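> What shape does this take:
(chains A, B, C and D)
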Number of protein chains: 4
Amino acid sequence: MSAGKQIKAGIVGGTGYTGVELLRLLAQHPNVQLQAITSRKEDGLPVADMYPSLRGRVDLKFQTPDTARLDECDVVFFATPHGVAMSQAKELTEKGVRVIDLAADFRLQDTTVFEKWYKMPHSCPDILAESVYGLVELNRQQIANAKVVGNPGCYPTTVILGLLPLLEGDRKLIDVEHIIADSKSGVSGAGRTASVGTLYSEAGDNFKAYGVAGHRHHPEISEQLNRIAGRRVGLTFVPHLVPMIRGMFSTLYTRILPEAMNTDFQALFEERYANEAFVDVMPAGSLPETRSVRASNQLRIAVHRPDNGDQLVVLVVQDNLVKGASGQAVQNMNLMFGLPEDAGLDAIAVLP
Amino acid sequence: MSAGKQIKAGIVGGTGYTGVELLRLLAQHPNVQLQAITSRKEDGLPVADMYPSLRGRVDLKFQTPDTARLDECDVVFFATPHGVAMSQAKELTEKGVRVIDLAADFRLQDTTVFEKWYKMPHSCPDILAESVYGLVELNRQQIANAKVVGNPGCYPTTVILGLLPLLEGDRKLIDVEHIIADSKSGVSGAGRTASVGTLYSEAGDNFKAYGVAGHRHHPEISEQLNRIAGRRVGLTFVPHLVPMIRGMFSTLYTRILPEAMNTDFQALFEERYANEAFVDVMPAGSLPETRSVRASNQLRIAVHRPDNGDQLVVLVVQDNLVKGASGQAVQNMNLMFGLPEDAGLDAIAVLP
Amino acid sequence: MSAGKQIKAGIVGGTGYTGVELLRLLAQHPNVQLQAITSRKEDGLPVADMYPSLRGRVDLKFQTPDTARLDECDVVFFATPHGVAMSQAKELTEKGVRVIDLAADFRLQDTTVFEKWYKMPHSCPDILAESVYGLVELNRQQIANAKVVGNPGCYPTTVILGLLPLLEGDRKLIDVEHIIADSKSGVSGAGRTASVGTLYSEAGDNFKAYGVAGHRHHPEISEQLNRIAGRRVGLTFVPHLVPMIRGMFSTLYTRILPEAMNTDFQALFEERYANEAFVDVMPAGSLPETRSVRASNQLRIAVHRPDNGDQLVVLVVQDNLVKGASGQAVQNMNLMFGLPEDAGLDAIAVLP
Amino acid sequence: MSAGKQIKAGIVGGTGYTGVELLRLLAQHPNVQLQAITSRKEDGLPVADMYPSLRGRVDLKFQTPDTARLDECDVVFFATPHGVAMSQAKELTEKGVRVIDLAADFRLQDTTVFEKWYKMPHSCPDILAESVYGLVELNRQQIANAKVVGNPGCYPTTVILGLLPLLEGDRKLIDVEHIIADSKSGVSGAGRTASVGTLYSEAGDNFKAYGVAGHRHHPEISEQLNRIAGRRVGLTFVPHLVPMIRGMFSTLYTRILPEAMNTDFQALFEERYANEAFVDVMPAGSLPETRSVRASNQLRIAVHRPDNGDQLVVLVVQDNLVKGASGQAVQNMNLMFGLPEDAGLDAIAVLP
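Here you go, the predicted model:
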């Protein structure tokens, strides 16, 4: 366990799944003191009344933003709908508070794209320009110094980490014009808002695709892939809904270029992630399962090349609420405050 | 298949689960012509757009009540929130339309109790007084002649049929003061309304009790049991929520009176239900499963007496949306219109 | 309902899921008389004791093959492990009994491929040569006259029907060298054999790929696609396991050829399947769900072209036990005996 | 975190669910060094190959008992079928190794009862006589000094802790002759052995009772209740199977004696468990959910008295693999070795 350093942390909007997951992780973090959690609607309600799993472990009550004194925190997490973090980031950062947004306000540098997909103007393009996309394995250095971090979307985390070794360094390994990401998510990815589509009787014992005509994570993935590859990457992205609570699986298909047919892709991935605590490149032939990372911050990758042909198939699993959201946010916090990257994130996956 | 008789049927409020289940059953019923289905909110929407399972099988569009000409129907089913059927029953019955209400408006004869539990005054006590509680196995004769039928609640169907042979005929078999019904329901019982508690991520991989302090089906069960037994029956009723879509299971506990210790309870149940098409008393020692009745109108009962002691344990399963709701409503309709009781209800359960 | 014609049907090996599903369908079929069902292991056991869903509906007991007098049937279904049907087909067909095999014995015309994947020699290549691949929408004419039908695998049914309009008639629409089928199946596809991998606690709340290095349905799909296209089709096939009981979903990715960019693919599919009772081409933009076909013989297709680009995405759903197995087998039987193709197969999907 | 004390722990038979759960807990325990894990069948296989969730966290390979040097351990856990621990306990304890058996060998002091229910003679009645039933909240003192601990069954843990305050101290509060325990378990309670009944397609979307005629946990519960109450307690016990992986829920029904009608049962429970870290008596009116303890060692209790009548309803939840098995075993170990009782057991429940 790391030294006695204690960070004061606040959470804005803690009633959703990323909020309660942040609470679970931060309440067990050796270097964090939970300072405040806000919810206008639940003002005064003990957090443990809403989430009995926290009984005896989290004593906080929900507060309104007015009384929460977030400006006294070292870091504030936004587990809010899109648009909230950008309205408060300026004030907080001016007081020296660092911000980690789990929504989309700081994920897209291109504000035109942001406005198209999120149907609202971006209210602080200057702060956005200085913010960092919080994918640690991609931007470790910049995150350490960032004042504002845009925590990646769940799908983007799997797709980007599953393609990163193939694209970076100006490599000529795959046909970057025609990449396919067939992704599958557990239902918790849709959040805790009451809606018919995510009722047990609708999503249970059922499988479907959605967002084929367009999904908000598509431009986010594309912006990052373009940046990594240094040119336009063509991506077909089809998300699907799986009748399970947690877990995300991306099956990535890409064609190997004729000149790259002799590449050892297994070695390429293993080398790229050799020093990453939370990216596990499994042995050749492995078939990762989402449950192997349930409730942990681990992401696992397996690289396949059926019949040794020209089609590369990369399988990626994560827990959408941990590495895909709140765990990754804590990983960012650790980095920003000079803590060991795995502080509070070393829980082993829950299986079965 | 029965003769060419064709009944014109209308459905009020067909967007919920009992509504779509009625559509499924009636669209396949050999003697029914679906005439109209109403929903103010979805006016103009083809039913099959909301429920693609009905594509090519149901051509109706949702209509407003104003245009639906329900008064031209032979029978109208109300698959609406409580309170709607009683506001329209008078007008319809005056025009000769018979009414089957799947909500609670005609389940409780005691309007004081109704008003206590449903928080609204009863608007047509005169029609209520003439209406019949639509549990066919209990009230076959009266249902045949009824103008208005109150279709039983899902829990009550299992509890009443599981206790009926023990209570009726002024029998002195069990301690009627202390009956326990530990009931378990699939999530579809909560309906299709968006609510946090029935989200996949809340109700999945979870088990809980609810309504321990009071559930609306409790007074309904009690009113019937009192009537059957001819005296006050004491009932503890604890409903639970099971992470499955369809299915209901009631475990009934009752103490055998000293003077009744030699009773052959298996025979008692078998004889009582010998001529009931939809009540299957399983052989001694059987363990019914909810899936054995999935999507069918069957209800199955097993009678146990552990160690041949003084405790009787009755297990009852049904599909809450069929025998517990829409199937039973169709069974009532068949009876009211002189059709074979199993017309349109003979589908075999879907297993696995 | 079709005329009084009655077919005597036998089932070999009825204890698995395709067996009980055949029983469910045939017991409700207006033109079928269930004659015998065999299982050496369960000899003498009433079928309804193993499957209580059939209580009161199927009176048969399991018999040994010796006593079952299958030679007196008009048709015998094999719901057995691979290898059984081919050992009995000769004797049965010589006595005029027609055979529908739900296993793989008559799916692959190339016996070398068969022997590679199923690890056994093919014991009746002559009968195989005369047998017909039982995909009705592809081989309607030949099936009608076939003595032996090889009922298609579940995955192949979705992939072939999802690609058929793009490949047949020597069309030049897509890059046939690089088709991707990302398929997902409910757990019942793995059968009723006890195995660790399909335990509830292993397959539940989990998602994984399997068979990436090779799956038996791959050569089956390829043989058919090659035949349809008239040349070698390149296919990457990745099956996945979904935590649901029934249901299969295939997401098919294929690249449109430059010269075919103006094709109206929606119209192409609609026209191809206009007269098919069991293939529903949904309106443009639709997102099919597996539950929309649960327990029905329907297969639904939606055709997407994201951003109107060069990537075509075809979504296909079916119930793996019905259209993907036993329902399709009954559809074949109907055709072979001159019955209406939908006889006994017109049940509406069970939703929710 | 407690001092540097390090305990060498071995596991016999670690391939089942209690085994992998022990591995998860012990690998994260600050005072435990995993020494060896045995499995004859999997000799040589790295544990993390069977359970990828342990990749990078557990380096052990399965060993045969011959090579595992269990006699060098401080404590050995038996996560084996019934009968194994009793065959090895003598040899281990003679060498000073303490034993915690997660099977039933040391749960029943009455060997006649043991032999009746487990169909094998008890091979070490002398060691059994000295062993302690490892329910910490009941036998804290004796466990601390025990050489051999019989870890309680999952159902017994919930039923005994839910009734303990009502029975101990020669209290006259309830009718002890007629207690009812209606219990519900997730499927992992049935273990990882391949069997048809616990396949996903059998146990999923289904609910059933089992063992109504007799369940091995019944005599275990009775032996403890009799001992606690100081007289014979009459118990009807009906276990049920819930389609979820982890979680156990017991609904306990008992009749309040006339002379005890003024008892404050809420206070009684709160006082009894005031100092218990792992028993949470929830506020009056609470409705515990199994997910509130998922993957944690917590057990939660709510006390209800419907309509303030004579029926007491006690609701108890736990994770059957943690407090109901491996967590409780670790709790016993902590006590036996003078560690803080919650060492390695303080993980917050995973919700959702």
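> Distance from stretch A:235-244 to the middle of the chain?
Here stretch A:235-244 is found 16 Å from its chain centre; the criterion is CA atoms, centre = their mean, to the nearest Å.
> contacting residues for residue A:185?
By CB atoms under 8 Å, 6 or more residues apart in numbering or on different chains, the contact set of residue A:185 is A:154-155, A:239-242, A:247-249, A:320. C-beta: built from backbone N, CA, C; applies to glycine.
> my bad, should have said residue A:197
By CB under 8 Å, 6+ apart, residue A:197 lies in contact with A:190, A:203.
> now do 10 Å
Applying CB atoms under 10 Å, 6 or more residues apart in numbering or on different chains to residue A:197 gives the contacts A:187, A:190, A:203, A:208, A:210, A:241, B:194, B:199-200.
> okay, those in CSV with distance to residue B:315 next?
Output for these, formatted as CSV (distance: CB to CB, whole Å):
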residue, distance to residue B:315
A:187, 32
A:190, 36
A:203, 29
A:208, 35
A:210, 40
A:241, 35
B:194, 33
B:199, 30
B:200, 28
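> just checking, which of those residues belong to strands?
A:208, A:241 (DSSP state E).
> List buried members of the contacts of residue A:197 by neighbour count.
A:187, A:190, A:203, A:208, A:241, B:199-200 (16 or more other CB atoms under 10 Å in any protein chain shown).
> just to revisit the earlier point, out of the contacts of residue A:197, name the two that are farthest from one another.
Across the contacts of residue A:197, the longest distance by CB to CB is 17.7 Å; it joins A:208 and B:194.
> Helices along the stretch 1-150 of chain A, start to end?
A:17-27, A:47-50, A:84-94, A:111-118, A:125-130, A:136-145 (DSSP state H, counting those that start in this stretch).
> just those helices: most buried one?
helix A:17-27 (a mean of 26; mean count of other CB atoms under 10 Å in any protein chain shown).
> Kindly report the residues of the stretch 151-300 of chain A close to chain D.
A:186-188, A:192, A:204-205, A:243, A:245-246, A:277, A:280, A:282-283, A:286-289, A:291-296, A:298, A:300 (CB under 10 Å from any CB of the partner chain).
> domain ranges for chain A?
A:7-152+A:324-336, A:155-320 (automatic domain parsing).
> Quote the end-to-end distance of the shortest one.
According to CA to CA, to the nearest Å, domain A:7-152+A:324-336 extends 11 Å from its N-terminal end residue to its C-terminal end residue.
> Could you check it against chain B for contacts?
Yes - for domain A:7-152+A:324-336, a contact with chain B is found by CB under 10 Å from any CB, at A:15, A:17.
> How about that domain and chain C, touching?
No - Domain A:7-152+A:324-336 does not reach chain C (CB under 10 Å from any CB); its nearest approach is 13.2 Å.
> So what's the gap between that domain and the chain middle?
12 Å.
> circling back: just the buried residues of the residues of the stretch 151-300 of chain A next to chain D.
Buried by 16+ other CB under 10 Å: A:186-188, A:192, A:204-205, A:243, A:245-246, A:277, A:280, A:282, A:286-289, A:291-296, A:298, A:300, out of those.
> Keep only those residues that also lie close to chain B.
Within those, those near chain B by CB under 10 Å from any CB are A:186-188, A:192, A:204-205, A:243, A:245-246.
> Can you flag which of the contacts of residue A:197 belong to helices?
Per DSSP state H, helices hold the following members of the contacts of residue A:197: A:203, B:200.
> And the contacts of residue A:197, which is closest to residue D:262?
For these, the closest approach to residue D:262 (CB to CB) belongs to residue B:199, at 41.6 Å.
> okay but that closest one is in contact with residue A:188, surely?
Yes - with contact defined as CB atoms under 10 Å, residue B:199 and residue A:188 form a contacting pair (9.0 Å).
> can you tell me which of the buried ones among the residues of the stretch 151-300 of chain A next to chain D are in strands?
Using DSSP E, these in strands are A:186, A:280, A:300.
> ok, those vs chain B, which is closest?
Nearest to chain B, judged by CB to the nearest CB, of those is residue A:186 at 7.8 Å.
> For that closest one, give me its contacts.
Neighbour list for residue A:186: A:154, A:203, A:241-249, A:290, A:294, A:319-321, A:324, B:200-201, B:204, C:205-207, C:243, D:352 [criterion: CB under 10 Å, 6+ apart].
> And residue A:219, by the same measure?
Residue A:219 makes contacts with A:104, A:107-108, A:110, A:113-114, A:116-117, A:156, A:235, A:237, as judged by CB under 10 Å, 6+ apart.
> who does residue A:238 bridge with?
Following DSSP bridges, residue A:238 is listed with bridge partners residue A:182.
> Tell me how many other residues surround it.
Using other CB atoms under 10 Å in any protein chain shown, the number of residues around residue A:238 comes to 24.
> Can you tell me how far it is from residue A:184?
Per CB to CB, to the nearest Å, residue A:238 is found 9 Å from residue A:184.
> Which residues are in contact with each of those two?
Between them, residue A:238 and residue A:184 share the contacting residues A:209, A:251, C:182, C:251, judged by CB under 10 Å, 6+ apart.
> In TSV, list the residues you listed along with pLDDT and neighbour count.
Formatted as TSV, the shared contacts of residue A:238 and residue A:184 follow (pLDDT from 0 to 100; neighbours: other CB atoms under 10 Å in any protein chain shown):
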residue	pLDDT	neighbour count
A:209	98	23
A:251	98	25
C:182	98	24
C:251	98	25
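> Can you pick out the most distant pair from the residues you listed?
It's A:209 and A:251 that sit farthest apart of these, by CB to CB, at 12.9 Å.
> Identify the contacts common to those two.
A:182-184, A:238, C:184, C:251.
> Out of those residues, which comes closest to chain D?
For the shared contacts of residue A:209 and residue A:251, the closest approach to chain D (CB to the nearest CB) belongs to residue C:184, at 14.4 Å.
> So what's the residue count around the closest one?
30.
> can I assume it is in contact with residue C:318?
No - applying CB under 10 Å as the test, residue C:184 and residue C:318 come out as separate, 11.5 Å apart.
> list residues touching both of these two?
Common contact partners of residue C:184 and residue C:318 (CB under 10 Å, 6+ apart): C:155, C:158, C:247-250, C:290.
> Understood, closing this out.
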